[in-house]
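Novice: Got a sequence here, can you build the structure:
(2 chains)
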Amino acid sequence: MRTDMERGKILIVDDSEMNRAILTDILQDEYDIIEARDGLEAIDVLSKDGDSIVLMLLDIVMPRMDGFSVLSKMNENNWIQNIPVIIISSENASLYVERAYELGALDYIQRPFDTLVVRRRSLNTITLYGKQKAMDGVAESQLARNSADKSVVINIYNNLLVHGDVNKGSHTENVAAVCEAILNNLGGISFKYKLSPADIQNITIASTLHDIGMSVVDKSVMTDDGERSESERRKHARLGAEILSKLPDSDSDPLLKRAIEICRYHHERWDGSGYPEGLTGDRTPIAAQVVAVADVYDALTNKKLNPDAITHDEAIAKIMNGECGAFNPVLMIVLKTIADTLPAKLK
Amino acid sequence: MTVENFYEYIRGDYVGTKARLMTDERILRFVNKFPADGSYRLLLDSIASSNVEEAFRAAHTIKGVAQNLGFTALYLSSQEVTEILRGGSLDVADKMPELTKCYELTIDGINKLNA
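Specialist: Residues are numbered from 1 along each chain as shown, chains lettered A, B, ... in the order given. Alright, predicted model coming up:
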C-alpha cells in the first residue's frame, strides 16, 4: 500500500468542471488529484510540479490552449517521455485519435466512459510506466557495474604496460578520480560542454589510458636527462593514440574514441604552448583538457611518483598561477570549486 | 422520484449510466452538479454575440457532459448544434429550440428528483 507521503498525483485537464468532478471522483481514492481548466493551466502545473505527476488525463477541445497544443508543448520540453498521457474526449473521428497518438498520447478513451475502464486504464498505465522507469534504473546501474569491471581490468594492464608493475597504479587511479570530480562539476559551471553521465563515465575510464604510449617509447634513450630523452618522451602522446587507433571498433566505440583523444592531446595547453600539435583553446577536446589538469595535479602531489612532491595547496596554487602551463579558465573555476574535496579522493 | 424514474422523465439512459458509473449514489452526485455548469448559459451568450468558437466549445461541453451522464435527449440535440458550430456556422436557429427544450426538461427533472 502507498502511504500518504508517496501518493502520486494525477493531473486532470478539462474545461468542464463536471467532467473534472467525475474523473476526480473515480480516481481520488488512490491518487491525489490536480485539476487544470485548460492547456495553459496544465503547462503551468507541469512546469512547477511535473516530477510528482504520474499520469495526465487530457481533454482535446478547450479554450485558450487545446489538448493537441499541450501534447506539442510536452514534446518540445521533453516532458512526454516522463509523464504518461491518456486522452479523454467525446471526439471519435480517427483524425483526432491518430493525431493524439502521433503526439505521444499513450491511450485514448472516448466518452461516454465507463468508470471501471477509466480506473483500470489509468492504474495500468501508471503501473506500466513505473515498471519501465524501474527497468531503466536497473539498466543504468548495470551499465555502471560493467564500467567499474572494465576500469579494473584496464587499470591492471595499463599499469603493467606503463610502469612494468601492476601495483604502481596510484597515478592512473588518481587522474581518473580528479577527472571524475572535475567532470561532475563542469556542467554546473558551464553549459558549453554537454556531457551525459555516460560521457563522464567513459572519459573517466579512458583517462587511465593517457600514458599508454609510454609503453612503446624507446626506453634506451629515456635514462639520460638530455634533450633527446625529452623529445623521445614526448612521442608517447601520438604513439598512445596510434596504438589505440589500431584496435577494432576504435572509430565507433565511445570509450576508445575518448581514450584516443586523451592520449594524443593531454599535453596540449590552452595558449597553444603544449604538444604534440600546439592546439589552442577548445580545439583540444574537452576530455583531454580535463585529463591534462588531473595529470599535472597528481604529478605534483603524488609522493609515489615524485620524490619532490608538493602539498595539495601548493599544487593548486601553482596550477592556478599558470606555472604548469595555461589551462581552460572554466576548468580553473571548477578546480577551485572542488579543490578542497580532492585530497580525500586520492591514493 | 427515483433515479431510474428521473432518467425516464428526461429521456435518458439509466441502465447504461448505471453500468458505467456503478452506483446511484455516484450518479446522483454528478446529476446534482449539472445545474451549476455554466455551459448552457455560455452557449446562449456566445450565439448572441456571434462568437462561434466559444459557442462551439460550450455546445461541445454540454454534449460531453450529457453523454457521460446518460442524458440521451440532451446529448443528441447538443450534438446537432455542436456539429453546425464546428463548421464555423452560427446558423443554429433551427436546432436550438430542441436543445433548450431538452436542457429545461433535464433541469426540471433534477428539481423533481430532489423535491
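
Novice: Please count neighbours and contacts with C-alpha atoms only from this point.
Specialist: OK.

Novice: Start from the N-terminal end of chain A and give the helices.
Specialist: Along chain A, counting by DSSP state H, helices occupy A:17-27, A:39-49, A:67-76, A:94-102, A:115-163, A:170-186, A:197-207, A:227-234, A:236-245, A:254-265, A:286-301, A:312-320, A:329-338, A:342-345.

Novice: Please produce CSV containing these, extended by mean pLDDT and distance to A:K219.
Specialist: Output for these, formatted as CSV (pLDDT from 0 to 100; distance: least, C-alpha to C-alpha, whole Å):
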stretch, mean pLDDT, distance to A:K219
helix A:17-27, 90, 74
helix A:39-49, 93, 61
helix A:67-76, 94, 57
helix A:94-102, 89, 63
helix A:115-163, 74, 11
helix A:170-186, 90, 20
helix A:197-207, 89, 23
helix A:227-234, 80, 9
helix A:236-245, 92, 11
helix A:254-265, 94, 18
helix A:286-301, 96, 20
helix A:312-320, 94, 29
helix A:329-338, 91, 34
helix A:342-345, 88, 32
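
Novice: quick one, which of those helices is nearest to chain B?
Specialist: Closest approach to chain B among those (C-alpha to the nearest C-alpha): helix A:115-163, 5.1 Å.

Novice: is it true that A:E35 touches A:D15?
Specialist: No - between A:E35 and A:D15 there is no contact under C-alpha atoms under 8 Å: 9.6 Å.

Novice: if we can go back for a sec, export the helices of chain A to TSV and tack on distance to B:V15 and mean neighbour count?
Specialist: Conversion of these to TSV gives the following (distance: least, C-alpha to C-alpha, whole Å; neighbours: other C-alpha atoms under 10 Å in any protein chain shown):
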stretch	distance to B:V15	mean neighbour count
helix A:17-27	18	19
helix A:39-49	34	17
helix A:67-76	31	18
helix A:94-102	28	14
helix A:115-163	14	15
helix A:170-186	62	23
helix A:197-207	57	23
helix A:227-234	88	14
helix A:236-245	75	20
helix A:254-265	63	24
helix A:286-301	69	24
helix A:312-320	80	16
helix A:329-338	69	17
helix A:342-345	71	12
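
Novice: Quick check: residues of chain B near chain A?
Specialist: Within reach of chain A by C-alpha under 8 Å from any C-alpha of the partner chain, chain B has these residues: B:19-22, B:30, B:33-34, B:37, B:54, B:57, B:60-61, B:64-65, B:67-70.

Novice: still on that earlier bit, now for the helices of chain A, which one comes closest to A:Y108?
Specialist: A:Y108 lies closest to helix A:94-102 among those, at 6.9 Å (C-alpha to C-alpha).

Novice: Now A:I333. Nearest residue, chain neighbours left out?
Specialist: Nearest in space to A:I333, with sequence neighbours left out and distances taken as C-alpha to C-alpha, 6 or more residues apart in numbering or on different chains, is A:I189 at 7.9 Å.

Novice: Can you read off the pLDDT for the one you found?
Specialist: A:I189 carries a pLDDT score of 78 in this model.

Novice: if I pick B:Q79, what's in contact with it?
Specialist: B:Q79 is in contact with B:59-60, B:63, counting by C-alpha atoms under 8 Å, 6 or more residues apart in numbering or on different chains.

Novice: Pull out the buried positions in whatever helix or strand it lives in.
Specialist: According to DSSP states H and E, B:Q79 maps onto helix B:72-86. For helix B:72-86, a neighbour-count test (16 or more other C-alpha atoms under 10 Å in any protein chain shown) marks B:72-82, B:84-86 as buried.

Novice: Stretch B:18-28 now?
Specialist: Using 16+ other C-alpha under 10 Å as the test for burial, stretch B:18-28 gives B:18, B:20-21, B:27-28.

Novice: My understanding was that B:F6 contacts B:G109; is that so?
Specialist: Yes - the criterion here is C-alpha under 8 Å, and B:F6 meets it with B:G109 at 6.0 Å.

Novice: my guess is B:Y7 meets B:Y14, correct?
Specialist: Yes - using C-alpha under 8 Å, B:Y7 makes contact with B:Y14 at a distance of 5.5 Å.

Novice: Show me which residues of chain A sit near chain B.
Specialist: Of all the residues in chain A, those lying near chain B are A:15-19, A:21-22, A:61-63, A:89-90, A:111-116, going by C-alpha under 8 Å from any C-alpha.

Novice: Repeat the analysis, applying 6 Å as the threshold.
Specialist: Where chain A comes near chain B, counting by C-alpha under 6 Å from any C-alpha of the partner chain, the residues are A:90, A:112, A:114-115.

Novice: quick one: which of the residues you listed is nearest A:Y297?
Specialist: A:T115 (65.4 Å).

Novice: Pop out the phi and psi values for the most far-flung residue of chain A relative to its centre.
Specialist: In terms of distance from the mean C-alpha position of chain A, A:P112 ranks first, at 45.2 Å (C-alpha atoms, centre = their mean). Phi and psi for A:P112, reported as degrees, to the nearest 10, are phi -80, psi 130.
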